[in-house]
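Quick check, what structure comes out for this input:
(3 chains)
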Amino acid sequence: MSKTDFPLSIDSRPVYGVFEMRAGKHHLMIADAEGAEALLDLATAAPADLWAKTHIIYIPKTTGKKYLGKLQALSPDQFYAGPSYEAAKQRIADTFSKAHMGLQVYLAGTEGLMGQAMYAATSAGIPHTAIQTEHRGSTARRMQCVHCKGITEDVTHDPFICSHCGLNLFVRDHYSRRMAAFQGVCIDAEDPGNVPKSVGLFK
Amino acid sequence: MSAGTAKLNVTVAEVKPINDLVTRFKFIRTDGGELPTFSGGAHTVVEMQDDGFTRLNPYSLMSDPADRDAYMISVRRDDQGRGGSKFMHSKVAEGLEMVISNPVNLFSLDLRAKKHLMIAGGIGITPFMAQMQQLAATNGHFELHYSVRTASLGSYAEQLSERFPNRVNIYHDDLGQAIDLENLLIGQPLGTHIYICGPKGMIDWVRGKAAALGWPREAIHYEEFLAPASGKPFEVRLAISNKTIQVGENQSLLEALEANDVDAPYLCRGGACGQCETAVVECDGELIHRDHWLSDEQHRAGKLIMPCVSRFDGKTLVLDR
Amino acid sequence: MTIQFNDETFRDDFSFKNSPAAIKRFPFPFHEDSYMYSVNLEPHTKTRPGSPFEFAFDVDEHYVSEMKDRAVTLADDPLRCQSLPHMTLAGWDLLEYIMEAKARDYPDLFSLTKDGNIWHWENKPLEIDQTFIFLDESTLPYGPMEYITRQTQGDFALLDQRDDNLWLDAGMITSQADWSLDFNVGMNFFEWHAPVPKANEMGIFVRALKFLLNLQQGAPARRLNWTMTVNPLLDTSPENYHKWGPMKTGLTIENIGSKQYLRVELQTLFRLPRSNAIAFPIRAYLCRFEDLMTVPKWGRRLHRVLRDIPDELATYKGFIDNKPLMLEYLSRFDDGAPTSDGIWPDEA
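A predicted model of the protein is given here:
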């Protein structure tokens, strides 16, 4: 069961688990912020030779240097820490393009990071059900405005204002793996200007 | 929906022995029209009017799926079987009119695959012949590894090697040749799907090795048709239709249901697809489960039975049919 | 030509209208005086000549105008038509299925002649004359699915079958009941139905999926679904909800009969032979309340169905706010008399 307690939701909303060791000659771990803790927890149970077969891609976000030392101390075969998912994107694409069947993928941290890395992995041919995920840290959502298609990252309030077209959007649980985002839909279309008070739902 | 599948009336246009064990049959539509196209991996269920009762056996379609003039199947003679293959080998001749089902695919290609890796053993080659023709016509990336007992029993091995010289690898058991499975699997690019058709031992071997190497379950496809085994005759009471029927030694429970006009849906007739799943109302005796649809737990619980392949030994069996 | 095609619009001045013959053949979706979700699938076989169930793909008086409306929607938002790369073969399957069916069922409107893989397609109502090579995308102006669905009424979803599930991997969706292809493409059966209330807990989708996975070549199926639309809009997409949503607020007891439409979807399901995918055409029929009321049975029944429908369903279908007004209007057409079984008008 997930470490983060998410409310019961609909079938399109992703559910997250807890990492377990899987057989494989190569392991790719992609994490952001507190997602580092999921990797470190796995390390307590993992066989010693795991890290020599592992490539870690880590985006610290607001955690700064907090986990960097501990992750490096695992002595992974390859280690990368970068400023954003965008910055790591080419490295991730390159890793998948050179990989072979049997590669194990572990994604940890925020939903936005896991969702985007999941899309990269499935596009490379790994079934989404074979990819392990573990949610840690912020529950802020990556939202797509269904009207202008713009993405707003780290949404914490419902409703919120689309950062691109400016419409008042309510936060749905309906989720697209292809967009790696939840759906935002205009809340005051039938009564323009009548927008309920925005509530902080995600942290 | 109603039992079974939509039917096609066909005439046997050719009966061609391929080797000591395998014979190939060619069907054309009796009314002269075009046959439906199909997808590689599909089978058809052939109806055999054998000495007063109807036998329905599934066979993989091996012809080019885009060819609407004729279908081809290959049947391996099984002297230990209940007689379906013997019927095909001894009683089916050119000109015979038969009824077959529309194609049904329970072993289809995953068309997202960046590469299709096919592993065949013996007569398990037939679905791959259709799949390879489909992929060749659509620029698909595939590779076949085919194990045969001897060169003379290697149905279509030569023909395939000639047609696809760089994609077909043949292994002869009698020469001690075997697939180097571990290295084969390790080297496959991301996005490869494996397809296995052959004896149960081969399927288990490939699935086991792939799982140990970290291959995802969804990238491994296999087809194993169980032929229904013969067994002791038994009696069954049918709760819904209010009938008591006898299942003969060389008859499956599903065939007995059909012989008594009891509606029982089916697709594969080989314990794989789950269509004929039937609830057990009462059971005083032992259910002999032979399917690979129900889980071990469901087998133990004894609340369900797959009439296409499973049997019963005991005093009373009541089914929800 | 046997069909007189209307010159009409589904936007701006909304000049769409049904002829008396079109009203009479409207696929009214309620076979009894109440409604609840159900799988309600039946074989899609030739039934009732003249009805939308007569042929595999119904062509009616709205054909030409609906195709023009689709072209406008696509020009504005090409993402309404998408096909993931592995679905091209299913697109050819669909093209073949539709061309063969239309040429067979409407020989005065469409013709298909084949010389091996060189096919010649004539679509007289849309004045299209195309020679192309079957399975060669470069010989058509669009991909095969887009090409044929720009010439066929109704939305189309193509469902890939794998891992004991169905995947919404391609579609032409320009007249949908408020769902986004661009967002949903790639989802499995349970995911794309996730927002539908109640049906899931009723086990509807588990049963429907089991049925669909076993759908056979040569044995298509159909069902009716319905919703409500103010004005004869085809494009009730979420993308444009902020544009059409406000229309729902202008109803009065005086104008509801002419502005409120019952929107019925004839959903059909075909196993596609070459790809083993499933084609899922969703054909929408629109009829305004006052036209429906010309059939006394439908007036009585529509009132009773809407009166008894759970609020949750009315909310999901988007007409909860207008429900009291609808009932006020419809109650005038319900004298309490019994209604006959089935969806069709009583014979006079």
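
who does residue B:170 bridge with?
With DSSP bridges as the criterion, residue B:170 is bridged to residue B:146.

tell me the contacts of it?
B:146, B:148, B:154, B:157, B:160-161 (CB atoms under 8 Å, 6 or more residues apart in numbering or on different chains). Just so you know, the C-beta spots here come from the backbone N, C-alpha and C atoms, and that holds for glycine as well.

Give me the residue ranges of chain A where confidence is low.
A:1 (pLDDT under 70).

which parts of it sit against chain C?
For chain A, the residues in contact with chain C (CB under 8 Å from any CB of the partner chain) are A:10-13, A:127, A:129, A:144, A:146-147, A:149, A:167, A:172-174, A:176-179, A:183, A:185-186, A:189-192.

And the stretch 101-250 of chain B, by the same measure?
B:102-105, B:108, B:110-112, B:134, B:137-138, B:218.

Looks like residue B:181 contacts residue B:207 (just checking).
No. The pair residue B:181 / residue B:207 is not scored as a contact, 10.9 Å apart, by CB atoms under 8 Å.

who's in contact with the residue nearest to residue A:61 when sequence neighbours are not counted?
Spatial nearest neighbour of residue A:61, chain neighbours left out: residue A:33 (4.3 Å); criterion: CB to CB, 6 or more residues apart in numbering or on different chains. The contact partners of residue A:33, by CB under 8 Å, 6+ apart, come to A:59-63, A:109-110, A:136-138.

out of those residues, which is most surrounded?
Tallying neighbours with other CB atoms under 10 Å in any protein chain shown puts residue A:109 at the head of these, with 28 neighbours.

Which residue, neighbours along the chain excluded, lies closest to it?
Per CB to CB, 6+ apart, closest to residue A:109 is residue A:35, 2.6 Å.

Now that neighbour. Its backbone dihedrals?
When quoted as degrees, to the nearest 10, the phi and psi of residue A:35 stand at phi -60, psi -20.

check contacts around it.
For residue A:35, counting by CB under 8 Å, 6+ apart, the contacting residues are A:58, A:107-110, A:113, A:134, A:136-137.

so of these, which ones are in strands?
Counting by DSSP state E, those place A:58, A:107-109, A:134 in strands.

Identify the residues contacting residue 58.
Just going to use chain A. Contacts of residue A:58 (CB under 8 Å, 6+ apart): A:30-32, A:35-36, A:67-68, A:71, A:79-82.

nope, chain C please
Here residue C:58 is in contact with C:52, C:153, C:266, C:283 (CB under 8 Å, 6+ apart).

Over to residue A:148?
Per CB under 8 Å, 6+ apart, neighbours of residue A:148: A:162, A:164-165, A:167.

switch the cut-off to 6 Å
By CB atoms under 6 Å, 6 or more residues apart in numbering or on different chains, the contact list for residue A:148 reads A:164-165.

Against residue C:58, how distant is it?
35 Å (CB to CB, to the nearest Å).

Show me chain A divided up by domain.
Structural domains annotated on chain A: A:27-135, A:141-200, as defined by automatic domain parsing.

Can you get me a residue count around residue A:202?
The burial count for residue A:202: 14, using other CB under 10 Å.

which SS state does residue B:317 fall under?
Following DSSP: H, G, I helix; E, B strand; the rest coil, residue B:317 is assigned to strand.

how deep is the residue of the stretch 1-150 of chain C found nearest chain A tucked in, by neighbour count?
Nearest to chain A in the stretch 1-150 of chain C, going by CB to the nearest CB, is residue C:79, at a distance of 7.9 Å. Look at residue C:79: counted by other CB under 10 Å, it has 14 neighbours.

With residue B:54 instead?
The burial count for residue B:54: 12, using other CB under 10 Å.

Give me every residue in chain A lying close to chain B.
When proximity is defined as CB under 6 Å from any CB of the partner chain, chain A approaches chain B at A:23-24, A:99, A:101-102, A:104, A:124-125, A:127, A:130.

among the residues you listed, who's most crowded?
residue A:101 leads these on contacts (other CB under 10 Å) with 26 neighbours.

Hmm, residue B:187 and it touching each other?
No. Checked against CB atoms under 6 Å, the pair residue A:101 and residue B:187 is beyond contact range at 8.7 Å.

if I pick the residue of the stretch 151-300 of chain B found nearest chain C, what's in contact with it?
The nearest approach of the stretch 151-300 of chain B to chain C comes at residue B:218, 5.2 Å away (CB to the nearest CB). Contacts for residue B:218 were tallied using CB under 6 Å, 6+ apart; they are A:127, C:163.

Can you tell me how far it is from residue B:191?
In terms of CB to CB, residue B:218 sits 12 Å off from residue B:191.

now do residue C:111
Taking CB to CB, one finds residue C:111 at 42 Å from residue B:191.

for residue C:28, same thing?
As judged by CB to CB, residue C:28 and residue B:191 stand 48 Å apart.

In chain C, which residue sits closest to chain A?
Closest point on chain C to chain A, by CB to the nearest CB, is residue C:245, at 3.0 Å.

Tell me the pLDDT of that residue.
Residue C:245 is assigned a predicted lDDT (pLDDT) of 89.

just the one 3 residues further on next, same as before
Residue C:248 carries a pLDDT score of 88 in this model.

Any regions of the stretch 151-300 of chain C where pLDDT drops low?
The low-confidence ranges in the stretch 151-300 of chain C, as defined by pLDDT under 70, are C:198-202.

Kindly apply the preceding question to the stretch 151-300 of chain B instead.
In the stretch 151-300 of chain B (pLDDT under 70), the answer is B:225-226.

If we use 80, what do you get?
Filtered on pLDDT under 80, the stretch 151-300 of chain B yields the residue ranges B:224-229, B:263, B:272-273, B:292.

Which stretches in it count as helices?
B:157-163, B:181-186, B:200-212, B:253-259, B:296-301 (DSSP state H, counting those that start in this stretch).

so which of the ones you listed is the most packed in?
helix B:253-259 (a mean of 23; mean count of other CB atoms under 10 Å in any protein chain shown).

Kindly export it (C-alpha atoms) in PDB.
The C-alpha trace of helix B:253-259 is given here as PDB (Å, rounded to 0.1, in the frame of the first residue of the first chain):
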ATOM      1  CA  LEU B 253     -18.300 -32.500 -21.200                       C
ATOM      2  CA  LEU B 254     -18.800 -29.600 -23.500                       C
ATOM      3  CA  GLU B 255     -19.500 -31.900 -26.500                       C
ATOM      4  CA  ALA B 256     -22.000 -33.800 -24.400                       C
ATOM      5  CA  LEU B 257     -23.800 -30.600 -23.500                       C
ATOM      6  CA  GLU B 258     -23.900 -29.700 -27.200                       C
ATOM      7  CA  ALA B 259     -25.100 -33.200 -28.200                       C
END
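
Quick one: list the elements packing against that helix.
Here helix B:253-259 touches strand B:243-247, going by 3 or more CB pairs under 6 Å, 6 or more residues apart in numbering or on different chains; DSSP states H and E.

For the strand it packs on, list the C-alpha coordinates in CSV.
Extracted C-alpha coordinates of strand B:243-247, given in CSV (Å, rounded to 0.1, in the frame of the first residue of the first chain):
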residue,chain,number,x,y,z
LYS,B,243,-31.7,-32.8,-17.9
THR,B,244,-29.5,-35.7,-17.0
ILE,B,245,-26.8,-36.4,-19.6
GLN,B,246,-24.1,-39.0,-20.1
VAL,B,247,-20.5,-38.0,-21.0
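
contact partners of that strand?
B:234-237, B:253, B:256, B:260.

Within its sheet, name the partner strands of that strand and how each one runs.
strand B:234-238 (antiparallel).
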